[in-house]
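Trainee: task: produce atomic coordinates for the following.
(2 chains)
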Amino acid sequence: DVKVTQSSRYLVKRTGEKVFLECVQDMDHENMFWYRQDPGLGLRLIYFSYDVKMKEKGDIPEGYSVSREKKERFSLILESASTNQTSMYLCASSLGTGAAGSYEQYFGPGTRLTVT
Amino acid sequence: KQEVTQIPAALSVPEGENLVLNCSFTDSAIYNLQWFRQDPGKGLTSLLLIQSSQREQTSGRLNASLDKSSGRSTLYIAASQPGDSATYLCAVRGRDDKIIFGKGTRLHILP
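Mentor: Model (predicted):
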């Protein structure tokens, strides 16, 4: 079974702090994704990566950055946390891209981040 | 720009009934469509994946169909149980590899 793990289930940070959210997958997947989920807005893509050191902006990248130094690990960084970044953060991975990579997306358990 | 819509936003049905959840999308140029289940405060669990060349997929009491030309998918749940209560989301993967989610249908099965 594919396993996607996230470093924390719950996190409380102060405004202005630098926050790291870690995601690790154990199935050698090329693609990894970060989403945030908010009531009434659904899941919105922040960033995704389809290879080591590769990253693409999603729909709402402002205020976030990412790092993918190893294939299995994809980190989301909040450079200076703000209260409007309070949300549920979900990481996902999938096997490939394009027509040859029409594979399932697998999600981690989520990190509930509260910024006070 | 791809838009994915799920109607209704919430649904309550008595235990034992069969039910259908709907998902529609505006751009038919997709690689696949995936149905997920999400329990409160948890991550998403993949239920079924339908490739663009397929018409349906089945897993146990679940059956998902895809009509790409009309931009529609349905998730059929047979003989519903209280444990099926959850939010169900559909997501489409476009040719740009972006995955767009609907906002989900909150399903409540009444014992």
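Trainee: switch to C-alpha atoms for all contacts and neighbour counts from now on
Mentor: OK.
Trainee: and the helix or strand hosting B:Leu49, what does it pack onto?
Mentor: Using DSSP states H and E, the element containing B:Leu49 is strand B:44-51. When contacts are defined as 3 or more Cα pairs under 8 Å, 6 or more residues apart in numbering or on different chains; DSSP states H and E, strand B:44-51 sits against strand A:106-107, strand B:30-38, strand B:56-59, strand B:62-67.
Trainee: partners of that strand in the sheet?
Mentor: strand B:30-38 (antiparallel) (DSSP bridges).
Trainee: quick one: the strand it pairs with to strand B:62-67, angle?
Mentor: On the basis of axes from the mean of the first three to the mean of the last three Cα atoms, to 10 degrees, strand B:30-38 is oriented at 150 degrees to strand B:62-67.
Trainee: ok, and what's touching strand B:30-38?
Mentor: Under the contact criterion Cα atoms under 8 Å, 6 or more residues apart in numbering or on different chains, strand B:30-38 has outside partners A:98-99, A:102, A:104, B:44-52, B:64, B:66, B:75, B:86-95.
Trainee: tell me the buried residues within these.
Mentor: A:102, A:104, B:44-52, B:64, B:66, B:75, B:86-95 (16 or more other Cα atoms under 10 Å in any protein chain shown).
Trainee: tell me what the host helix or strand of B:Ile109 is packed against?
Mentor: Assigned by DSSP H and E, B:Ile109 falls within strand B:105-110. The criterion is 3+ Cα pairs under 8 Å, 6+ apart, and the helices and strands that strand B:105-110 contacts are strand B:10-14, strand B:86-94.
Trainee: could you give the average pLDDT over that strand?
Mentor: What strand B:105-110 shows for mean pLDDT is 97.
Trainee: could you measure the spatially closest residue to A:Thr111 that is not a sequence neighbour against A:Gly108, distance?
Mentor: Excluding its sequence neighbours, the residue lying closest to A:Thr111 (Cα to Cα, 6 or more residues apart in numbering or on different chains) is A:Arg9, at 4.4 Å. Using Cα to Cα, to the nearest Å, A:Arg9 is found at 10 Å from A:Gly108.
Trainee: residues contacting the closest residue to B:Val20 other than its chain neighbours?
Mentor: Spatially, and ignoring its direct neighbours in sequence, B:Val20 is nearest to B:Tyr76 (4.5 Å; Cα to Cα, 6+ apart). By Cα under 8 Å, 6+ apart, the contact set of B:Tyr76 is B:Asn18, B:Leu19, B:Val20, B:Leu21, B:Arg61, B:Leu62, B:Asn63, B:Ala64.
Trainee: pretty sure the third one sits against B:Ile77.
Mentor: Yes - here B:Val20 reaches B:Ile77: they are 6.4 Å apart, a contact under Cα atoms under 8 Å.
Trainee: so which of those two has more stuff around it?
Mentor: B:Ile77 (20 against 12; other Cα atoms under 10 Å in any protein chain shown).
Trainee: you'd agree the more buried one is up against B:Glu15?
Mentor: No - here B:Ile77 does not reach B:Glu15: they are 11.3 Å apart, not a contact under Cα under 8 Å.
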